[in-house]
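Q: Kindly return the folded structure for what I paste below:
(chains A and B)
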Amino acid sequence: MFERRLYYHIDWAMLAALMALSAIGLANIYSATGGPTPIFTTQIYGIILGLIAMVVCLSLDYRALADKSHFIYIGVVGLLLYVLIFGVVRGGSRRWIDLGPFNLQPSEFAKAALALVLAKFFGESRRGGAVTHVELLIAGALTAVPLLIIARQPDLGTAVTLVPVAFAVAYVAGMPMRIFGVLALVGLLAAPVAWKFALQDYQRERISTFLDPSQDAKGAGYQQIQARITVGSGGLWGKGFTHGTQGQLRFLPVAHNDFIFSVLSEEHGFVGVLVALGLYLFVILRAIESARLAKDRLGAYLVLGVLASFAFQVCYNITMSAGLAPVKGLTLPLMSYGGSSMIATLAGFGLILNVRMRRFTN
Amino acid sequence: MAVAEDRRRITFRLVVLQVGAVVVFAALATSFWFLQIAQNQKFEQMAENNHQRTLALRAPRGVLFDRQGKVLVENRNAYSISIVREHTKDLDRTMRLLSQVAGLDPVDVKRIVDRHRGEPAYRPIVVVEDASLAQVAAITARRLDFELPDVVVEEVPTRRYPTDALAAHLFGYVGQASDTQVGDGISQGAIIGQSGVERVYNKLLMGQDGAKVVVVNSMGREIRTIDEVPPVEGRRVQMTIDYDLQKAAEDGFHSAGFNGAALIMDPRNGEILSYVSLPAYDPNAFAAGIDRATWASLNTDKLHPLQNRGIQGRYSPGSTFKIVVAAAALEEGAITPDFTVNCTGGATFYGRYYKCWNKNGHHVVDLRHALEQSCNVYFYTIGNMLGVDKIHKWAERLGVAGKTGIDLPNEQESLVPSTEWKLQRTGEKWYAGETISVAIGQGQVSVTPAGMAKMIATVANGGTPVTPHVIRAVDEGQGWKMVGPPVIADQIAFRPDTMTAIRDGLWMVVNGAGTGGRARIPGRDVSGKTGTAQVISNEGKLRARGSGLDLRDHGWFVFFAPRDNPEIAGVIFAEHAEHGALGAPIAKHVIETYFAKKEGTPLPTLVPKIAPSGADEEDPDSPAVLPSTNLDNQIAANPAPAPNLRAAARTLAPGTN
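A: All right, here's what the predicted structure looks like:
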């Protein structure tokens, strides 16, 4: 099944970058939580399990997986529904399935499942040339189902990460640019309506606080102000490993999770930031390169679909870490604490490596 | 073809994405550059403000010792409970929980917090200044549970005064510096002396507050100390007070049931051995911030416990003033000690008849016997010979006019009139008739007990007006350094015959047929003089009857001992004692204690209270036994305007001893 020849086509550079980012994340979790706490060990397990998931995703031909994508998609949607009804409630939302030592967060896997099913859909259903409106509508529907379920948990942050998946796949599949324009216009017009009806109070508060953090310096604005102080006080070289004051003394909330990049910025400074940004950029460019090299459209779409939510989350989280975007429960893939996220991310990259590795096979 | 086209479009779009990714990451890197490099200093400062806190370490005030090294005022550790709002999310919740845990009135807590709301959030708002151990325990227990993370319990050195309010007015009290007191080494919120020795010697006693820079976490909890400047304790100060004499004097007052004042001095150098002002307050109530109710009750108390009677109370000196007039007459050469006057129970001056307290008259008396008998007619006569300005001059020289210069704050001036004073005050000339009442310590004469103490000490030491003072030595860090007695501005020596005559007369008051017999101690040659200060005229007394005010006369007793080379002198002022003679037993107790200490014999115990029922038949101090002056006569005799007249009438009326 796993031909020896394929082994030579594994993108070792990307794999190394992924491992480096995971290690940087691990070190910062160690620093932010104050030593080898259960959080730290859980993250190690997450990485190990993630690597196993990656190997599993590598070993199966992505075309074979795409053939089964509708089952995977339906399975994930089923899990999401299950979570919505029977999931573990934490922090006011129902996102997890209790697996004993682990809490599984199915919404993390919805991204890869959606990428698969959209890649398959666009890769096979069309004859080449421009995508039709019907196809776009179907793709929209496929995206909307898991998105709405996740939004009901409620976990708007994760739900939103599905949107780039759909757009990225549609974009490389040849969606006309004017449709992007129309959608952007509709989005702009719908924003006030969404503000009024779709958003929860706390979400509205977060956005208005973002625009003026000082209006709520003790509440929601606090995190944003503290994030900016944390990053800004890092300077060029940073305060040193475990010597940050903002993270160590807990001025920065959820430092090991949403704000892990702030911890990095504080303790390792602008230099550390450049290294991490460079690694992420390398991974993204390398993945897009893989899409270009892909043997077929399916492969290219799949890579883009998986990459889109990853890149979106990376950009958003890093912006938020610097206090430059509204605070949202979006983790930083590969670095933030979170087993499900780590497994799903590495599994996703398993698919990307898969596409690249099999670019010469039939 | 289509496939190739498709491939090309995909490639193009992928390149667009790659360029887009590079642009986005470049933008991110630029943003971080702005925050971390361009604005680094600003954020570094903010981060530091976040986690570094400078805490004041209050310096303990200097310990006060008595002249034998016994500790009088020291420090103890009090616990203060404060709210630091810096990281408070819900101040109302904190206040509610704190009130509940510490058993406080939520309304009070809110009022305190509201008063300080405008201050910077990192400055603690002290809610309880001197918390009980139970409160501290309850709060620390909660703090550990992170329920009250913004509540801070601090140990603060706090003054501890003697528990029985001993010498309260002498020590004074401390309190937070008011806005006008800030500056010159006194910072906002500093605890400084507000009264008494605490105030006058604040600079010595205050010490230097230290500071501690600590790292705190987001809950405001201290993690570690970065820098610490330890506080420097205030200077140790030795007072001239003798604890046992202080106690003896206060016990004397308590046992007799009097309020009033007493200053006991060493007449040779002006050191105050005992300083009493009663009723007193408990300075401990101020030590950690006085509560409103206590402050209000101290201020509205009809007995005025906050008034420092020794230097702020002004009273008519009555017959004790005759000492001044005698000294003036002798030193001015107006009379010799052998000068005699025939007292027939009264005499007429300037067309008006002035009574002696003894309507049968003292017959022919010389100065010694005039002092012993407290003969009014004798002093009317020599006072008239002297004139008011000479009396004023000698009152000033003896320290009973103006301020004594005692090292306690807010001393009032003693007042002995003069022609110049009257002209300035009222624009009118002095009438010779007014001198007559001045000669027996009535009229406009109004003196503080401290003034009387300086006078009797000066008379006792032969004419050196020593300045009363309460500080003996200061420890500047290299052991005790004596503080020299205040410089004496105006050295005068009595003529020998002046000295002996006055000493003889005052000795006879106590040891002869005079009014001071109750201070007699065999072998100690106590010398003294009693006096009565009327609170209100006999006329006014009738009018005020039933008003509930205590209108009984005040009693004076000035003394020194022994007669020759006196070592101890002083004044006992007993409020509403009616008889000056009733202050004498207090003096006796103090003098006995003094000599017992000096000679190493057991300290005397106090004799039970004497009923002030006029048991002493020969006591002429009570105005009640005297014929009251007819007010109408006086108005007819004296053409001064009404307000002045009333004053004259009031003070002339007792006209006794």
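
Q: Residue B:438 against residue B:388, yeah?
A: Yes - counting by C-beta atoms under 8 Å, residue B:438 touches residue B:388, with 5.7 Å between them. For glycine as for every other residue, the C-beta is placed from the backbone atoms N, C-alpha and C.

Q: can you list residues touching both of those two?
A: residue B:417 (C-beta atoms under 8 Å, 6 or more residues apart in numbering or on different chains).

Q: distance of the residue of the stretch 351-500 of chain B found nearest chain A from residue A:157?
A: Nearest to chain A in the stretch 351-500 of chain B, going by C-beta to the nearest C-beta, is residue B:477, at a distance of 39.4 Å. Look at residue B:477 and residue A:157: by C-beta to C-beta, to the nearest Å, they are 66 Å apart.

Q: Settle it for me: which of these two has more neighbours?
A: With neighbours defined as other C-beta atoms under 10 Å in any protein chain shown, residue B:477 and residue A:157 compare such that residue A:157 has more, 19 against 9.

Q: Kindly provide the distance from that one to chain B.
A: Residue A:157 sits at a distance of 19 Å from chain B (criterion: C-beta to the nearest C-beta, to the nearest Å).

Q: got it, and residue A:201?
A: Distance from residue A:201 to chain B, by C-beta to the nearest C-beta: 17 Å.

Q: Kindly tell me how buried that residue is, as a neighbour count.
A: Residue A:201: 7 neighbours (other C-beta under 10 Å).

Q: can you list the residues that contact the helix or strand hosting residue B:246?
A: Assigned by DSSP states H and E, residue B:246 belongs to helix B:243-256. Helix B:243-256 is contacted by residues B:66, B:68, B:70, B:72, B:164, B:166-167, B:259-260, B:262, B:264, B:273-276, B:278, B:572, B:574, B:577, B:582, B:585-587, B:589-590, B:593-594, B:597, B:603-604, B:606, B:608-610, B:612 when judged by C-beta under 8 Å, 6+ apart.

Q: let's go with 7 Å and repeat that
A: With contacts defined as C-beta atoms under 7 Å, 6 or more residues apart in numbering or on different chains, helix B:243-256 is touched by B:66, B:70, B:72, B:166-167, B:260, B:262, B:264, B:273-274, B:276, B:278, B:574, B:582, B:585-586, B:589-590, B:593-594, B:597, B:603, B:606, B:609.

Q: List buried residues within these.
A: Neighbour counting with 16 or more other C-beta atoms under 10 Å in any protein chain shown marks B:66, B:72, B:166-167, B:260, B:262, B:264, B:273-274, B:276, B:278, B:574, B:582, B:585-586, B:589-590, B:593-594, B:597, B:606 as buried within the contacts of helix B:243-256.

Q: Out of these, list just those in strands.
A: The strands, defined by DSSP state E, take in B:72, B:260, B:262, B:264, B:273, B:274, B:276, B:278, B:574 from these.

Q: Name the residues of chain A found near chain B, please.
A: Neighbours of chain B within chain A, by C-beta under 7 Å from any C-beta of the partner chain: A:128-129, A:171-172, A:174, A:218, A:228-229, A:231-236, A:245-246, A:249-251, A:265, A:269-270, A:273-274, A:277, A:281, A:284-285, A:288, A:291-292, A:300, A:311, A:315, A:318-319, A:322, A:324.

Q: Spatially nearest residue to the closest residue to chain B within chain A, not counting backbone neighbours?
A: At 2.6 Å from chain B, residue A:232 is the closest residue in chain A, using C-beta to the nearest C-beta. Nearest in space to residue A:232, with sequence neighbours left out and distances taken as C-beta to C-beta, 6 or more residues apart in numbering or on different chains, is residue B:43 at 2.6 Å.

Q: what's the helix or strand hosting the one you found in contact with?
A: Using DSSP H and E, residue B:43 falls within helix B:40-51. By C-beta under 7 Å, 6+ apart, the residues outside helix B:40-51 that reach it are A:228, A:229, A:232, A:233, A:235, A:245, A:246, A:249, A:251, B:35, B:215, B:216.

Q: thinking again about what came up before, how about the ones in strands among the buried ones among the contacts of helix B:243-256 in a markdown table, adding pLDDT?
A: Below are those laid out as a markdown table (pLDDT from 0 to 100):
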| residue | pLDDT |
| --- | --- |
| B:72 | 92 |
| B:260 | 92 |
| B:262 | 94 |
| B:264 | 95 |
| B:273 | 95 |
| B:274 | 95 |
| B:276 | 94 |
| B:278 | 87 |
| B:574 | 92 |
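
Q: Among those, which one lies nearest to residue A:202?
A: The closest of these to residue A:202 turns out to be residue B:72 (C-beta to C-beta; 62.9 Å).

Q: From the chain's centroid, how far away is the strand or helix carrying residue B:456?
A: Take DSSP H and E as the rule and residue B:456 turns out to sit in helix B:449-460. Offset of helix B:449-460 from its chain centre (C-alpha atoms, centre = their mean, to the nearest Å): 19 Å.

Q: partners of the helix or strand just after that helix in the sheet?
A: Where DSSP H and E defines the elements, the next helix or strand beyond helix B:449-460 is strand B:471-475. Within its sheet, strand B:471-475 is paired with strand B:236-239 (antiparallel), strand B:480-482 (antiparallel), according to DSSP bridges.

Q: Deepest-packed of these, please.
A: strand B:236-239 (a mean of 23; mean count of other C-beta atoms under 10 Å in any protein chain shown).

Q: Just the mean pLDDT for that strand, thanks.
A: Mean pLDDT, strand B:236-239: 93.

Q: Run the chain-centre distance for it.
A: 17 Å.
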